[in-house]
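# Build the 3D model from these lines:
(4 chains)
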There are 2 protein chains.
Amino acid sequence: MPLPYIIEAMSRENKSQYAILGILADAPRSGYEIKKLCDQFLSFFWNENYGNIYPALKKMEAEGLVTMERMKQDGSPDKKVYTITEAGHTALKDWLRRPPDFRILREELLLQIFFGQTIGAAPFREKIERQKKWCQSIIDRLNEVREYVETEIAPERQEDNLPYWLATLRFGLRFYQMESDWCDEAQAILLELAGNEND
Amino acid sequence: MPLPYIIEAMSRENKSQYAILGILADAPRSGYEIKKLCDQFLSFFWNENYGNIYPALKKMEAEGLVTMERMKQDGSPDKKVYTITEAGHTALKDWLRRPPDFRILREELLLQIFFGQTIGAAPFREKIERQKKWCQSIIDRLNEVREYVETEIAPERQEDNLPYWLATLRFGLRFYQMESDWCDEAQAILLELAGNEND
DNA sequence: TAGTTCATGTAATGAGTTACATGATTAT
DNA sequence: ATAATCATGTAACTCATTACATGAACTA
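Numbering: from 1, shown residues only, chains lettered A, B, ... in the order given. Have a look, this model is predicted:
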């Protein structure tokens, strides 16, 4: 009885440009501001870095998806503020309507546990505890984000975006709570095992 | 009140070699067999491809972590069977004791939902339904794997590995069940919104 | 006859991250 | 004095995936 494959890989294309277009659709911004917004609001399911953002902005400007305007500031260096164009809006909406790629997980902790028999259950006690603490710290931060968007964002913008943002936040909260619960279960499974190992 | 960053990136090194060493620690195998095992047992949290496996095996052979033996077969092409060495065992155990990198998610569906206001809630009905069906199909396959390891694997090997394998399977089952449940919640959030959009 | 499985590999490309470079200002 | 923030970018690198190449045997 041969087993079927669990997950088959999918073809992937570059999605960074859409993350950037989505952020610019809200308001014109600089590369630096885009990065900051990614870190603060998206990083629990998406992240971008400068080495990606700046070349992408340049490329999108050449393609006519955004326009750039230099802004002088006193006290800080010049800013390059990017604004989304009509073509940019169209590209964003086209992508938004397409079905997303399915995720491919890479969980090093699970890989280690899968081969755990090699070193026995004991070292995993601490690893799983560490993982649980990490989950809890992210849950705390997600709750901070939720409070922030519910109280600090202007009410007229909430009406538009709040349900969408809430849906993503709920995923994050469910995910890390699920993982925290799994940590407890995994500890129980390996605790029982450690008992047998000592016999 | 500035928000803290949710997740900070970590330095990452190549982990493919440890996946391969872990599989070879169980028994000598060819690159082809390693790939098949990855697909059947690990692919819900880890996957490897030939373009990675074959060069990695060659490199590990040069480093003395594995040895290679050519095996002639009738009916099929020659096999290159790799066996883990003492040095390989040591490298594997060293990695198993190290704390794992924390994951970085890239969830295209969440990115689309975050910017969903641009196109409105309607197109997400189908996307989320598709996501839920995908989750259910993986849950079905994970249950097949669980039945397989509980019934088809030799009992004396179960004693060693079963709890570790069960712990990883439980993560998969919890994860995809969590996501399936989240799909229902997200539909409810966006359904309510679609009602308001029609006003 | 067409597709799948067995079996190995390389080349090319694309994606993602880190390190480096510069430099002023502001807070501790 | 030191660190952090603001601000932009490039170069190098690693990682991951896909396409390509070969070829025999078996199955529908």
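
# nearest spatial neighbour of A:Phe171, skipping sequence neighbours?
Leaving out its chain neighbours, the residue that sits closest to A:Phe171 by CB to CB, 6 or more residues apart in numbering or on different chains is B:Trp182, at 5.3 Å. In this view, the C-beta of every residue, glycine as well, is placed from N, C-alpha and C.

# Assess the claim that that neighbour and A:Arg174 are in contact.
Yes. Counting by CB atoms under 8 Å, B:Trp182 touches A:Arg174, with 5.1 Å between them.

# Spit out the contact partners of the most centrally placed residue in chain A.
Nearest residue to the geometric centre of chain A (CA atoms, centre = their mean): A:Phe45, 1.7 Å. Contact analysis of A:Phe45 by CB atoms under 8 Å, 6 or more residues apart in numbering or on different chains lists A:Thr168, A:Phe171, A:Gly172, B:Leu105, B:Arg106, B:Glu107, B:Leu110, B:Leu111.

# for the last one, what are its contacts?
With contacts taken as CB under 8 Å, 6+ apart, B:Leu111 has the following neighbours: A:Lys15, A:Tyr18, A:Ala19, A:Gly22, A:Leu42, A:Phe45, A:Trp46, A:Pro100.

# Of these, which pair is most distant in space?
A:Leu42 and A:Pro100 (14.6 Å; CB to CB).

# what's the nearest residue to the residue in chain A that DNA strand D sits nearest to if we skip its chain neighbours?
Here chain A gets closest to DNA strand D at one residue, A:Tyr32, 2.9 Å apart by CB to the nearest atom of the strand. Spatial nearest neighbour of A:Tyr32, excluding adjacent residues (CB to CB, 6+ apart): A:Lys79 at 7.6 Å.

# Which strand residues bridge that neighbour?
On the basis of DSSP bridges, A:Lys79 is bridged to A:Met71.

# Check the spacing between it and A:Cys38 real quick.
Going from A:Lys79 to A:Cys38 by CB to CB, to the nearest Å gives 17 Å.

# who's more crowded, those two?
With neighbours defined as other CB atoms under 10 Å in any protein chain shown, A:Lys79 and A:Cys38 compare such that A:Cys38 has more, 22 against 16.

# out of the contacts of B:Leu111, who's nearest A:Ile138?
For these, the nearest to A:Ile138 is A:Phe45 (11.1 Å; CB to CB).

# Check which helices and strands the helix-or-strand element of chain A with minimal mean pLDDT is in contact with.
The weakest-scoring helix or strand in chain A, judged by mean pLDDT, DSSP states H and E, is helix A:155-198 (a mean of 89). For helix A:155-198, the packing partners by 3 or more CB pairs under 8 Å, 6 or more residues apart in numbering or on different chains; DSSP states H and E come out as helix A:122-151, helix B:108-114, helix B:155-198.

# report the angle between the axes of the last one and helix A:122-151?
An angle of 0 degrees separates the directions of helix B:155-198 and helix A:122-151 when computed by axes from the mean of the first three to the mean of the last three CA atoms, to 10 degrees.

# Now for A:Gln131, how many residues are close by?
22.

# Now do the same contact list for it.
Contacts of A:Gln131 (CB under 8 Å, 6+ apart): A:Leu109, A:Glu179, A:Cys183, B:Pro100, B:Phe102.

# what separates the residue nearest to A:Asn161 when sequence neighbours are not counted from B:Ala91, distance-wise?
Closest residue to A:Asn161 apart from its sequence neighbours, by CB to CB, 6+ apart: B:Gln117 at 5.1 Å. Counting by CB to CB, the separation of B:Gln117 from B:Ala91 is 50 Å.

# Helix, strand or coil: sort out A:Asp101 for me.
Secondary structure state of A:Asp101, per DSSP: H, G, I helix; E, B strand; the rest coil, is coil.

# gap between it and A:Pro55?
Distance from A:Asp101 to A:Pro55, counting by CB to CB: 22 Å.

# go on, A:Tyr148?
Here the criterion is CB to CB. By it, A:Tyr148 lies 30 Å from A:Pro55.

# Just want to know which of those two has more residues nearby.
Comparing A:Tyr148 with A:Pro55 by other CB under 10 Å, the one with more neighbours is A:Tyr148, at 15 against 12.

# How many residues are close by the closest residue to A:Lys132 other than its chain neighbours?
Spatial nearest neighbour of A:Lys132, chain neighbours left out: A:Cys183 (3.9 Å); criterion: CB to CB, 6+ apart. A:Cys183 has 22 neighbouring residues, counting by other CB under 10 Å.
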